[in-house]
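> 3D, please:
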Amino acid sequence: MDVMPLLLLVAGSAAVAGAARRSPVPAPLLLVAAGLMVSYVPGVPDYHLDPHVVLPLVLPPLLYTAAVDSSYLDLRAQLRPVALLSVGYVLFATFAVGWAAYLLVPDLPLTAALVLGAVVAPPDAVAATAVARRVGLPSRITTILQGESLVNDATAITAYRVAVAAAVGEGASWAGGVGEFLLAALGGIGIGLLLMVPIHWLRTHLKEALLQNTLSLLIPFVAYGVAEQVHASGVLAVVVVALYLGHRAWEVDFATRLQEDAVWKMVAFVLESAVFALIGLQLPVVLRGLGEYEGVDAAWYAVAVFLVVVATRFVWVYPATFLPRMLSARIRKREENPTWKGAFVISWAGMRGVVSLAIAFSIPVTMEGDEPFPGRNLILFLTFTTVIATLVIQGLTLPPLIRLLQLPGRDVQAETLAEANAQAQASRAAEQCLDELLSDERNALPGPLADRLRTVLERRRNSVWERLGQANPVTGETVDDTYRRLSREMIGAEREVFVRLRDMRYIDDEMLRTLLRRLDLEEAAAYRETT
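Numbering: from 1, shown residues only. Coordinates of the predicted model:
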């Protein structure tokens, strides 16, 4: 097996994603554009997107990282709009896009058109999370988009399976489709509920951070695999487990949390970068298989399907946003009043991604009697163009759209004030705990060490309030920033001395690593005190 193409894909996509951090363009868009350009460079190998790799090996960790970083409480508060989008909208888009394709494309059976509808129906979890992080959407909108993108893949995959079964002649019925959907949804949730408690117990009882993080890397694959084995939704199983573990992450020891955060950030960065680059690299593969649909007709179909995909989201989002409030006094009382601007952003933020392409590539080549699946190559092409169009057009215009609509962002001042108040309460509890501990002769400490504990606690309490204060008129830094910078420069001076002593053979490399690790922890502590 030649691993060089895989290494080139990972290294190249990581380089482009790193460069994107210094540009105003979101990384997903640059990665897709780079993939499109590189796909026609002579000597570049074909990168065929294999659904048997993407769905079980790439999707679970991406879903896991997104769900762990999500707020269970926020998602629960927005459960109604999330459900309307992740289930209602996906099914609506499946039928709307399918019916439109059936009317547009001659000789395309309705069942095959519905396969296309199911494939392009779900906005992508990776795209939604990446763009939401970059553009700074209001917290409620971000929660709704992230919640939708975590769950909608399960709806789309189930709808796709029912449509494919009907297209290949396996006798699928409406009743059977509803039953399969319920089995997938309830089964996936049930598997997640069964797994989450024992997995969390195991995480809290393993004593080594290395073992705990090894388990962490296995969790999304285990949840997905167990659910799929019983024909339930692996997507929902992963999301349920991840939400629970994220909600109770505070019960795991600090070393595990530090390692786990770094490990999963790296995994998410590599996978997200490779996934978006891989989307662009599919262009030659898709075009070669277009066959009889080449030419102006294919381009017209692509534009039409893209417009239908965009329009169906607006048609669904506005009634789903405002009608429930008009019909229910309870909803009006419990939920904040939505605005047309927020609904517009949610409608426009429906970027598609790699999941749609992976599902499309999993369409069987033949049906019963070895007949070709009708319109398979065209469905692949239309899925590809829809993904590219939504990422580029909607992804590029979303930031200026948010600025134009003047949506209120996060209230940083209010959040900092809430953080300061929370820290003050925690510090009072810590002071009381420290006084009780020091009153016991078994915990006797010399005065300077006891004072150091109190100083660190006071510093942690005051640092949040200092962020509300005035900046340095010369440097523009807050007191918090200056403290952090001076701490790091002092630690940097110590680090240089240790390295020089190693080079002089006064200490060996093992001692150097011990000393540097101690400084790293001190630097992390200094950073943590001020963030």
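> Where do the helices of the stretch 251-400 of the chain begin and end?
With DSSP state H, counting those that start in this stretch as the definition, the stretch 251-400 of the chain shows helices at residue ranges 254-281, 283-288, 296-327, 329-334, 340-348, 354-361, 376-389, 395-405.
> quick one: the fifth one to helix 296-327, angle?
In terms of direction (axes from the mean of the first three to the mean of the last three C-alpha atoms, to 10 degrees), helix 340-348 departs from helix 296-327 by 140 degrees.
> elements contacting helix 340-348?
Here helix 340-348 touches helix 139-167, helix 296-327, helix 395-405, going by 3 or more C-beta pairs under 8 Å, 6 or more residues apart in numbering; DSSP states H and E. The way it works is simple: take the backbone N, C-alpha and C, and place the C-beta from them, glycine included.
> Which parts of the stretch 401-531 of the chain are helices?
412-438, 447-466, 479-503, 509-529.
> Pipe these into JSON lines and attach distance to Thr142 and mean neighbour count per row.
What follows is the helices of the stretch 401-531 of the chain, written out as JSON lines (distance: least, C-beta to C-beta, whole Å; neighbours: other C-beta atoms under 10 Å):
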{"stretch": "helix 412-438", "distance to Thr142": "14", "mean neighbour count": "13"}
{"stretch": "helix 447-466", "distance to Thr142": "23", "mean neighbour count": "14"}
{"stretch": "helix 479-503", "distance to Thr142": "26", "mean neighbour count": "14"}
{"stretch": "helix 509-529", "distance to Thr142": "25", "mean neighbour count": "13"}
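> between these, which gets nearest to Arg376?
Proximity to Arg376, assessed across these by C-beta to C-beta, is greatest for helix 412-438 (50.0 Å).
> which one of the helices and strands packed on helix 340-348 is the most hemmed in?
Greatest average neighbour count among those goes to helix 139-167 (a mean of 24), per mean count of other C-beta atoms under 10 Å.
> now the helices of the stretch 251-400 of the chain as JSON lines including distance to Ala33?
What follows is these, written out as JSON lines (distance: least, C-beta to C-beta, whole Å):
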{"stretch": "helix 254-281", "distance to Ala33": "7"}
{"stretch": "helix 283-288", "distance to Ala33": "11"}
{"stretch": "helix 296-327", "distance to Ala33": "17"}
{"stretch": "helix 329-334", "distance to Ala33": "42"}
{"stretch": "helix 340-348", "distance to Ala33": "20"}
{"stretch": "helix 354-361", "distance to Ala33": "15"}
{"stretch": "helix 376-389", "distance to Ala33": "9"}
{"stretch": "helix 395-405", "distance to Ala33": "10"}
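> Now distance to Leu515 and mean pLDDT too, for these, in TSV please.
Converted to TSV, the helices of the stretch 251-400 of the chain look like this (distance: least, C-beta to C-beta, whole Å; pLDDT from 0 to 100):
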stretch	distance to Leu515	mean pLDDT
helix 254-281	19	87
helix 283-288	52	80
helix 296-327	57	91
helix 329-334	56	82
helix 340-348	51	90
helix 354-361	44	87
helix 376-389	50	91
helix 395-405	45	84
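> So which of these is nearest Ser233?
With C-beta to C-beta as the criterion, Ser233 lies closest to helix 354-361 of these, at 13.2 Å.
> Just the angle for the closest one relative to helix 376-389, thanks.
Helix 354-361 runs at 170 degrees relative to helix 376-389, counting by the same axes, to 10 degrees.
> the helices in the stretch 1-150 of the chain, which residues?
Using DSSP H, counting those that start in this stretch, helices in the stretch 1-150 of the chain cover 4-20, 27-38, 51-53, 59-68, 72-77, 79-83, 90-104, 110-120, 125-135, 139-167.
> Quick one: mean pLDDT for the first one?
This points to helix 4-20. Confidence for helix 4-20, expressed as mean pLDDT, is 88.
> Now do that helix: which elements does it pack against?
helix 27-38, helix 254-281.
> which one of the helices of the stretch 1-150 of the chain is the most hemmed in?
Using mean count of other C-beta under 10 Å, the stretch among these with the largest mean neighbour count is helix 110-120, at a mean of 27.
> Quick one: work out the angle between it and helix 376-389.
Calculated by the same axes, to 10 degrees, helix 110-120 forms an angle of 30 degrees with helix 376-389.
> out of the helices and strands packed on helix 4-20, which comes closest to Leu73?
Closest of those to Leu73 is helix 254-281, at 19.2 Å (criterion: C-beta to C-beta).
> Any buried residues in that closest one, and which?
For helix 254-281, the neighbour count (16 or more other C-beta atoms under 10 Å) marks 256, 260, 264, 267-281 as buried.
> and the residue nearest to His231 when sequence neighbours are not counted, what helix or strand is that in?
Closest residue to His231 apart from its sequence neighbours, by C-beta to C-beta, 6 or more residues apart in numbering: Leu183 at 6.6 Å. If you go by DSSP states H and E, Leu183 is part of helix 174-205.
> Just name whatever secondary elements the following helix or strand past that helix is in contact with.
Using DSSP H and E, the helix or strand that directly follows helix 174-205 along the chain is helix 209-229. In terms of contacts (3+ C-beta pairs under 8 Å, 6+ apart), helix 209-229 is packed against helix 59-68, helix 174-205, helix 234-247, helix 254-281.
> how much does helix 209-229 deviate in direction from helix 59-68?
Going by the same axes, to 10 degrees, helix 209-229 makes 110 degrees with helix 59-68.
> now helix 209-229, how far from the chain's geometric center?
Remark: helix 209-229 is offset 17 Å from the chain centroid, using C-alpha atoms, centre = their mean, to the nearest Å.
> What angle do helix 174-205 and it make with each other?
Per the same axes, to 10 degrees, the angle that helix 209-229 makes with helix 174-205 is 170 degrees.
> Can you list the buried residues in helix 209-229?
By neighbour count on 16+ other C-beta under 10 Å, the buried set for helix 209-229 is 209, 212-213, 215-216, 219-224, 226-228.
> do stretch 329-341 as well
For stretch 329-341, by 16+ other C-beta under 10 Å, it's Glu335, Pro338, Lys341.
> What distance do you get for the residue lying farthest from the centre of the chain to Glu431?
Outermost residue of the chain with respect to the C-alpha centroid, by C-alpha atoms, centre = their mean, is Glu441; its distance is 50.4 Å. Note on Glu441: its distance to Glu431, by C-beta to C-beta, to the nearest Å, is 20 Å.
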